[in-house]
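In: Attaching a predicted model along with its sequence, questions to come.
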Amino acid sequence: MRHRRHPIALLLIVGALTPALSACTQVEESESTYSPTSVTPVKGSDDIQQVTFSAIAAQRADVRTAKVQASGRLTSIPYAALIYNEEGDTYTYVSPKPLVYLREPVDVDRITGDRVLLRRGPPTGTAVVTTGAAEVYSAEFGVEE
C-alpha cells in the first residue's frame, strides 16, 4: 500500500515557520581589535622580533620557562627550549620579563639526554621558554593554525 503524501501538512509547517524566520535579523560582523599577542621589531636586528603575550594567551598556550644553568665552562638549557628554524639554525626564546619573549640564536656544543650544552647562548639564570615555544614562534612569524 502506498502512503499518501500530505502537501497540506507541509504547507502548514512552512507557513508556521515563515513569521519566525522573518523576525530574524542579520547581525553585522565586526572586526575585533583584540589580539592575544603583539609583535614588535627589535631595534638593530633584521630578523628578531619581540613577542608579547596577554596573560590569558600565555595561559592558554601553557607557556613555561626554566633558567639557563652553568655546566662547567658551558651553559645548558632543557632540550624542550631548543628551536630549529627551516634552515636548521638553532634558537631559544628568552623571557626578559613576564609575558615577553625574544628569539635568541644559540650555538649547540652537544645534546646530552634532555639537556642542551651551549657554546654560545643566553647567560646563566636567564629564563628560557620550555613549553609553548612553538606558539611563541608562530606568533613571531604570523603562522596561522
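Out: Thanks, I have it. Predicted, not measured: the structure shown is a model, and the values here were computed from it.
In: Helix or strand for the closest residue to Glu104 other than its chain neighbours, just tell me which one.
Out: Nearest in space to Glu104, with sequence neighbours left out and distances taken as CB to CB, 6 or more residues apart in numbering, is Val94 at 5.1 Å. Any C-beta I mention is one placed from the backbone N, CA and C, and that applies to glycine too. For Val94, the element it lies in under DSSP states H and E is strand 90-97.
In: What is the neighbour count of Thr37?
Out: By other CB atoms under 10 Å, the residues close to Thr37 number 19.
In: So which residues make contact with stretch 116-125?
Out: With CB atoms under 8 Å, 6 or more residues apart in numbering as the test, stretch 116-125 has contacts from 67-71, 74-79, 81-82, 92, 94, 104-111, 128.
In: Tell me the backbone dihedrals of the residue nearest to Ala55 when sequence neighbours are not counted, please.
Out: Across the structure, with CB to CB, 6+ apart as the measure, the residue nearest Ala55 apart from its sequence neighbours is Leu99 (6.5 Å). The main-chain torsion angles of Leu99 are listed as degrees, to the nearest 10 and equal phi 70, psi 10.
In: For Leu99, give its distance to Ala66.
Out: Distance, Leu99 to Ala66, using CB to CB, to the nearest Å: 16 Å.
In: Now do Ser32, the pLDDT please.
Out: We have a pLDDT of 59 for Ser32.
In: what does Asp114 give?
Out: Per-residue confidence at Asp114 stands at 96 (pLDDT).
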